[in-house]
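# For reference, the sequence and a predicted model appear below.
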Amino acid sequence: MDNRRNTSWQPVHKWYSKLVDAKGHYYHQHVVIPGVLKLLALDQSSRLLDVACGQGVLGRAIGKNIAYTGFDIARSLVDEAKRLDHSEKHTYLVGDATKDLPLGEWKFTHAAIVLALQNIEDGASVIANIEKHLLPGGKLVAVLNHPAFRIPRQSSWGIDEKNKLQYRRVNIYMSHLKIPIDMHPGQKGGPLTWSFHRPIGYYVELLTKVGFVIDAFEEWTSDKESVGGARKMENRSRNEFPLFLALRARKVA
(Lines give C-alpha, C1' and ligand atoms only; values in the text may rest on other atoms or scores of the structure.)
Protein backbone atom coordinates (compact mmCIF):
# COMPACT_ATOMS: atom_id res chain seq x y z
CA MET A 1 0.00 0.00 0.00
CA ASP A 2 1.32 3.44 -0.91
CA ASN A 3 0.85 5.50 2.25
CA ARG A 4 1.64 8.68 0.37
CA ARG A 5 -1.87 8.63 -1.06
CA ASN A 6 -3.61 8.26 2.30
CA THR A 7 -2.76 11.49 4.07
CA SER A 8 -3.45 15.16 3.47
CA TRP A 9 -0.01 15.92 4.94
CA GLN A 10 2.01 14.46 2.08
CA PRO A 11 1.34 17.41 -0.29
CA VAL A 12 2.37 19.97 2.37
CA HIS A 13 5.44 18.19 3.73
CA LYS A 14 7.92 20.78 2.42
CA TRP A 15 5.96 23.64 3.97
CA TYR A 16 5.57 21.75 7.25
CA SER A 17 9.25 20.79 7.48
CA LYS A 18 10.24 24.40 6.90
CA LEU A 19 7.77 25.61 9.54
CA VAL A 20 8.84 23.10 12.18
CA ASP A 21 12.56 23.19 11.31
CA ALA A 22 15.10 20.90 12.94
CA LYS A 23 14.35 22.04 16.50
CA GLY A 24 10.59 22.47 16.17
CA HIS A 25 8.57 25.67 15.93
CA TYR A 26 8.41 28.16 18.79
CA TYR A 27 5.76 26.33 20.80
CA HIS A 28 7.49 22.98 20.27
CA GLN A 29 10.65 24.40 21.82
CA HIS A 30 9.19 26.49 24.62
CA VAL A 31 5.99 24.71 25.69
CA VAL A 32 5.19 21.36 24.09
CA ILE A 33 8.43 19.36 24.04
CA PRO A 34 9.51 20.39 27.58
CA GLY A 35 6.04 19.44 28.83
CA VAL A 36 6.05 16.10 27.03
CA LEU A 37 9.50 15.18 28.36
CA LYS A 38 8.42 16.02 31.90
CA LEU A 39 5.32 13.83 31.65
CA LEU A 40 7.17 10.94 29.99
CA ALA A 41 10.02 10.96 32.56
CA LEU A 42 12.25 8.79 30.36
CA ASP A 43 15.44 7.10 31.52
CA GLN A 44 18.14 5.05 29.80
CA SER A 45 16.05 1.87 30.04
CA SER A 46 13.00 3.45 28.36
CA ARG A 47 11.72 2.48 24.92
CA LEU A 48 9.57 5.20 23.33
CA LEU A 49 7.01 4.79 20.56
CA ASP A 50 6.24 8.11 18.83
CA VAL A 51 2.98 7.88 16.87
CA ALA A 52 2.49 10.26 13.92
CA CYS A 53 6.01 11.51 14.54
CA GLY A 54 6.15 13.95 11.62
CA GLN A 55 9.75 14.82 10.90
CA GLY A 56 10.94 13.58 14.28
CA VAL A 57 11.14 16.63 16.50
CA LEU A 58 10.45 14.57 19.66
CA GLY A 59 12.98 11.90 18.70
CA ARG A 60 15.73 14.47 18.41
CA ALA A 61 14.76 16.00 21.76
CA ILE A 62 14.99 12.84 23.89
CA GLY A 63 18.68 12.18 23.40
CA LYS A 64 20.63 9.70 21.31
CA ASN A 65 20.94 6.92 23.90
CA ILE A 66 17.24 6.23 24.50
CA ALA A 67 15.59 3.60 22.29
CA TYR A 68 13.02 5.30 20.08
CA THR A 69 10.72 4.30 17.24
CA GLY A 70 8.78 6.94 15.35
CA PHE A 71 6.34 6.35 12.54
CA ASP A 72 4.19 8.48 10.32
CA ILE A 73 1.90 7.90 7.35
CA ALA A 74 3.66 10.58 5.24
CA ARG A 75 6.77 9.00 3.72
CA SER A 76 8.33 12.38 2.97
CA LEU A 77 8.17 13.36 6.66
CA VAL A 78 9.73 10.04 7.67
CA ASP A 79 12.52 10.59 5.15
CA GLU A 80 13.16 14.03 6.64
CA ALA A 81 13.23 12.57 10.16
CA LYS A 82 15.83 10.02 9.09
CA ARG A 83 17.94 12.75 7.53
CA LEU A 84 17.92 14.88 10.68
CA ASP A 85 18.32 12.15 13.35
CA HIS A 86 21.67 10.36 13.46
CA SER A 87 21.18 8.17 16.52
CA GLU A 88 21.73 4.45 15.98
CA LYS A 89 19.04 3.76 18.61
CA HIS A 90 16.37 5.71 16.73
CA THR A 91 14.21 4.08 14.05
CA TYR A 92 11.69 5.74 11.73
CA LEU A 93 9.01 3.80 9.84
CA VAL A 94 6.16 4.57 7.46
CA GLY A 95 2.82 3.39 8.81
CA ASP A 96 -0.85 4.24 9.28
CA ALA A 97 -1.72 4.79 12.94
CA THR A 98 -5.26 3.50 12.37
CA LYS A 99 -4.05 0.14 10.98
CA ASP A 100 -1.90 -2.64 12.45
CA LEU A 101 1.44 -0.99 13.12
CA PRO A 102 4.55 -2.36 11.36
CA LEU A 103 6.13 -3.29 14.69
CA GLY A 104 5.75 -7.06 14.98
CA GLU A 105 5.98 -8.07 18.63
CA TRP A 106 7.85 -4.95 19.73
CA LYS A 107 6.77 -3.58 23.11
CA PHE A 108 7.47 -0.15 24.58
CA THR A 109 7.63 1.40 28.05
CA HIS A 110 6.34 4.75 26.77
CA ALA A 111 4.34 6.16 23.87
CA ALA A 112 3.51 9.66 22.67
CA ILE A 113 1.23 11.24 20.11
CA VAL A 114 1.98 14.95 19.94
CA LEU A 115 -0.34 17.43 18.20
CA ALA A 116 -1.55 14.75 15.80
CA LEU A 117 -4.57 12.96 17.29
CA GLN A 118 -6.86 15.84 16.31
CA ASN A 119 -5.76 15.35 12.69
CA ILE A 120 -6.81 11.68 12.54
CA GLU A 121 -10.45 10.79 12.01
CA ASP A 122 -10.37 7.29 13.56
CA GLY A 123 -8.93 8.15 16.97
CA ALA A 124 -10.24 4.94 18.54
CA SER A 125 -8.07 2.73 16.33
CA VAL A 126 -5.01 4.86 17.05
CA ILE A 127 -5.37 4.49 20.82
CA ALA A 128 -6.12 0.76 20.55
CA ASN A 129 -3.00 0.23 18.41
CA ILE A 130 -0.83 2.09 20.89
CA GLU A 131 -2.20 0.02 23.78
CA LYS A 132 -1.23 -3.20 21.98
CA HIS A 133 2.41 -2.18 21.86
CA LEU A 134 2.78 -0.85 25.42
CA LEU A 135 4.04 -2.98 28.27
CA PRO A 136 1.78 -3.26 31.34
CA GLY A 137 2.24 -0.08 33.34
CA GLY A 138 3.49 1.75 30.25
CA LYS A 139 2.78 5.48 29.86
CA LEU A 140 1.09 7.26 26.97
CA VAL A 141 1.31 11.04 26.63
CA ALA A 142 -1.12 12.68 24.19
CA VAL A 143 -0.98 16.39 23.42
CA LEU A 144 -3.79 18.22 21.61
CA ASN A 145 -4.58 21.71 20.50
CA HIS A 146 -6.93 22.49 23.37
CA PRO A 147 -10.36 21.13 22.36
CA ALA A 148 -12.26 23.66 24.46
CA PHE A 149 -10.57 26.82 23.20
CA ARG A 150 -8.85 26.11 19.86
CA ILE A 151 -11.55 24.91 17.49
CA PRO A 152 -10.74 25.80 13.87
CA ARG A 153 -13.37 28.11 12.39
CA GLN A 154 -15.43 27.87 15.60
CA SER A 155 -13.34 29.83 18.12
CA SER A 156 -11.78 33.28 17.99
CA TRP A 157 -10.60 36.26 20.00
CA GLY A 158 -12.87 39.20 20.76
CA ILE A 159 -12.41 42.54 22.50
CA ASP A 160 -14.74 43.94 25.15
CA GLU A 161 -13.94 47.65 24.75
CA LYS A 162 -16.04 48.75 27.70
CA ASN A 163 -14.25 46.53 30.21
CA LYS A 164 -10.89 46.47 28.39
CA LEU A 165 -10.91 42.69 28.17
CA GLN A 166 -9.86 40.25 25.52
CA TYR A 167 -12.10 37.20 25.58
CA ARG A 168 -12.29 33.84 23.83
CA ARG A 169 -15.41 33.16 21.79
CA VAL A 170 -16.43 29.51 21.27
CA ASN A 171 -19.33 28.82 18.90
CA ILE A 172 -19.47 25.01 19.11
CA TYR A 173 -17.91 22.55 21.55
CA MET A 174 -19.83 19.29 22.01
CA SER A 175 -20.38 18.54 18.32
CA HIS A 176 -17.91 16.33 16.44
CA LEU A 177 -16.61 18.28 13.45
CA LYS A 178 -14.48 17.56 10.38
CA ILE A 179 -12.86 20.87 9.49
CA PRO A 180 -10.78 21.63 6.37
CA ILE A 181 -7.64 23.67 7.01
CA ASP A 182 -6.38 25.78 4.10
CA MET A 183 -2.61 25.57 4.36
CA HIS A 184 -2.09 28.51 1.98
CA PRO A 185 -4.93 31.00 2.53
CA GLY A 186 -5.54 33.16 -0.50
CA GLN A 187 -4.19 30.57 -2.91
CA LYS A 188 -7.08 29.23 -4.95
CA GLY A 189 -7.15 25.45 -5.01
CA GLY A 190 -4.31 25.19 -2.49
CA PRO A 191 -3.67 22.08 -0.38
CA LEU A 192 -5.96 21.21 2.52
CA THR A 193 -5.37 19.24 5.68
CA TRP A 194 -8.14 18.12 8.03
CA SER A 195 -8.80 18.72 11.69
CA PHE A 196 -11.31 16.66 13.68
CA HIS A 197 -12.79 18.44 16.67
CA ARG A 198 -14.06 16.31 19.55
CA PRO A 199 -14.82 17.38 23.16
CA ILE A 200 -12.45 16.40 25.95
CA GLY A 201 -14.76 13.63 27.12
CA TYR A 202 -14.25 11.84 23.80
CA TYR A 203 -10.53 11.43 24.52
CA VAL A 204 -11.14 10.32 28.08
CA GLU A 205 -13.50 7.63 26.80
CA LEU A 206 -11.02 6.46 24.14
CA LEU A 207 -8.32 5.93 26.74
CA THR A 208 -10.38 4.30 29.47
CA LYS A 209 -12.24 2.01 27.07
CA VAL A 210 -9.07 0.10 26.12
CA GLY A 211 -7.69 -0.11 29.64
CA PHE A 212 -5.81 3.11 30.32
CA VAL A 213 -6.03 5.06 33.56
CA ILE A 214 -5.46 8.80 33.21
CA ASP A 215 -3.01 9.98 35.85
CA ALA A 216 -2.15 13.48 34.62
CA PHE A 217 -4.20 16.23 32.99
CA GLU A 218 -2.36 19.45 32.14
CA GLU A 219 -3.33 22.62 30.28
CA TRP A 220 -0.47 24.62 28.83
CA THR A 221 -0.59 28.35 28.12
CA SER A 222 1.64 30.44 25.90
CA ASP A 223 4.80 31.90 27.41
CA LYS A 224 4.86 34.82 25.00
CA GLU A 225 4.39 38.40 26.23
CA SER A 226 2.82 41.32 24.42
CA VAL A 227 4.17 44.87 24.28
CA GLY A 228 2.37 48.10 23.60
CA GLY A 229 -0.85 49.63 24.83
CA ALA A 230 -2.87 46.40 24.86
CA ARG A 231 -0.21 44.30 26.60
CA LYS A 232 -1.99 44.03 29.98
CA MET A 233 -5.22 42.83 28.39
CA GLU A 234 -3.47 40.46 25.97
CA ASN A 235 -1.12 38.97 28.55
CA ARG A 236 -3.98 38.34 30.97
CA SER A 237 -6.07 36.52 28.37
CA ARG A 238 -3.04 34.57 27.16
CA ASN A 239 -2.56 33.25 30.69
CA GLU A 240 -6.24 32.39 31.10
CA PHE A 241 -6.89 30.43 27.91
CA PRO A 242 -4.57 27.45 27.35
CA LEU A 243 -3.25 26.55 23.92
CA PHE A 244 -2.68 22.86 24.58
CA LEU A 245 -4.16 19.97 26.54
CA ALA A 246 -1.87 17.15 27.67
CA LEU A 247 -3.11 13.80 28.97
CA ARG A 248 -0.92 11.11 30.48
CA ALA A 249 -2.42 7.64 30.77
CA ARG A 250 -1.02 4.43 32.21
CA LYS A 251 -1.78 0.99 30.82
CA VAL A 252 -3.37 -1.14 33.51
CA ALA A 253 -1.47 -4.37 34.14
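Received, thanks. The shown structure was predicted, so the numbers you read here are calculated from the model rather than taken from an experiment. Residues are numbered from 1 along each chain as shown.
# tell me which element Glu234 falls in.
helix 231-240 (DSSP states H and E).
# And for Ala142?
Going by DSSP H and E, Ala142 is part of strand 134-145.
# quick one: average pLDDT of the next helix or strand after that strand?
Per DSSP H and E, the first helix or strand lying C-terminal to strand 134-145 is strand 155-160. Throughout strand 155-160, pLDDT has a mean value of 96.
# Can you name the next helix or strand after strand 155-160?
Following strand 155-160 in sequence, per DSSP H and E, is strand 165-170.
# circling back: ok, and what's touching the helix or strand that comes right after the helix holding Glu234?
Counting by DSSP H and E, the next helix or strand C-terminal to helix 231-240 is strand 244-251. Residues outside strand 244-251 that contact it (CB atoms under 8 Å, 6 or more residues apart in numbering) are 27, 31-32, 35-36, 39, 115, 131, 134-148, 200, 203-204, 207, 211-220. C-beta here means a position set from N, CA and C on the backbone, and glycine is covered the same way.
# Make a PyMOL selection of the buried ones in these.
Per 16 or more other CB atoms under 10 Å, the buried members of these correspond to this PyMOL selection:
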select buried, resi 27+31+32+35+36+39+115+131+134+138+139+140+141+142+143+144+145+146+147+203+207+212+220
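# and Ser76, backbone torsions?
phi -60, psi -40 (degrees, to the nearest 10).
# ugh, wrong one, I meant Pro147
phi -70, psi -20.
# Quick one, grab the pLDDT at the residue lying closest to it once chain neighbours are set aside.
Of all residues not flanking Pro147 in the chain, Ile200 sits nearest, at 5.3 Å (CB to CB, 6 or more residues apart in numbering). Here, the pLDDT recorded for Ile200 equals 98.
# Next, the contact list for Ile200, please.
147-148, 245.
# quick one: the helices in the protein?
13-20, 26-27, 33-40, 57-61, 75-84, 123-132, 200-209, 231-240 (DSSP state H).
# Packed most tightly, which of these would that be?
helix 57-61 (a mean of 23; mean count of other CB atoms under 10 Å).
# can you list the residues that contact that one?
Counting by CB under 8 Å, 6+ apart, 20, 22-24, 28, 33, 36-37, 50, 53, 68, 70, 81, 84-85, 87, 90, 92, 112, 114 sit against helix 57-61.
# Got a ChimeraX select line for the buried ones in those?
This is the ChimeraX syntax for the buried subset of these, where burial follows 16+ other CB under 10 Å:
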select :20,24,28,33,36,37,50,53,68,70,81,84,85,90,92,112,114
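# Please flag which of the contacts of helix 57-61 sit within strands.
When DSSP state E defines the strands, the subset of those inside them is 50, 68, 70, 90, 92, 112, 114.
# Give me the below-cutoff pLDDT ranges for the chain.
Residues of the chain meeting the criterion pLDDT under 70: 1-24, 183-191.
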